[in-house]
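Asker: Following is a predicted model, sequence given first.
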Amino acid sequence: PAVAGYPNLSIPVGIRDNGRPAGMLMYSTFLHEPQLIGFGYALEQALNVRQQPQFLGAVLPIPNGGFCTGHHNHGQPHLPHGKIF
């Protein structure tokens, strides 16, 4: 569920020149999920740009950007002040 109570969704709206998909975020007001889903579905059907993903034969390895190799104090919180909120 949305933390603030405002539903949102993302729909495909096209393919960029580099072949990557482009999407659009849609938001609604509190307790209007059915209308938002209906509008999003109707727009997606009208645009008809979604392409079926293709299996390339193997899963490509994820490159290591060095984000997971840092030094962490195991057992200690990694958030400011040790709490989320």
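Answerer: Thanks, I have the structure now. Numbering: from 1, shown residues only.
Asker: In space, what's closest to the most centrally placed residue in the chain - neighbours in sequence excluded?
Answerer: For the chain, the residue nearest the mean C-alpha position is Ser10 (7.4 Å; C-alpha atoms, centre = their mean). Nearest non-adjacent residue to Ser10, counting by C-beta to C-beta, 6 or more residues apart in numbering: Gly23, 4.8 Å away. C-beta here means a position set from N, CA and C on the backbone, and glycine is covered the same way.
Asker: So the one you found: helix, strand or coil?
Answerer: strand (DSSP: H, G, I helix; E, B strand; the rest coil).
Asker: Before we move on, what's the pLDDT of it?
Answerer: pLDDT for Gly23: 92.
Asker: In this structure it contacts Leu9, no?
Answerer: No: using C-beta atoms under 8 Å, Gly23 is not in contact with Leu9, being 9.8 Å away.
Asker: what's around Tyr27, how many residues?
Answerer: 11 (other C-beta atoms under 10 Å).
Asker: do you know how far it is from Val49?
Answerer: Here the distance between Tyr27 and Val49 works out to 21 Å (C-beta to C-beta, to the nearest Å).
Asker: Helix or strand: which one has Ala58?
Answerer: Using DSSP states H and E, Ala58 sits in no helix or strand.
Asker: pLDDT score for it?
Answerer: Among the per-residue scores, Ala58 holds a pLDDT of 82.
Asker: Three-state assignment for Ser10, please.
Answerer: strand.
Asker: Beta-bridge partners for Met26, please?
Answerer: Beta-bridge pairing for Met26 (DSSP bridges): Leu9.
Asker: who touches it in this structure?
Answerer: Taking C-beta atoms under 8 Å, 6 or more residues apart in numbering, we find Met26 in contact with 8-11, 36, 39-40, 43.
Asker: Mind doing that once more with 10 Å?
Answerer: 7-11, 36-37, 39-40, 43 (C-beta atoms under 10 Å, 6 or more residues apart in numbering).
Asker: And Ile37, by the same measure?
Answerer: Here Ile37 is in contact with 7, 9, 26, 28 (criterion: C-beta under 10 Å, 6+ apart).
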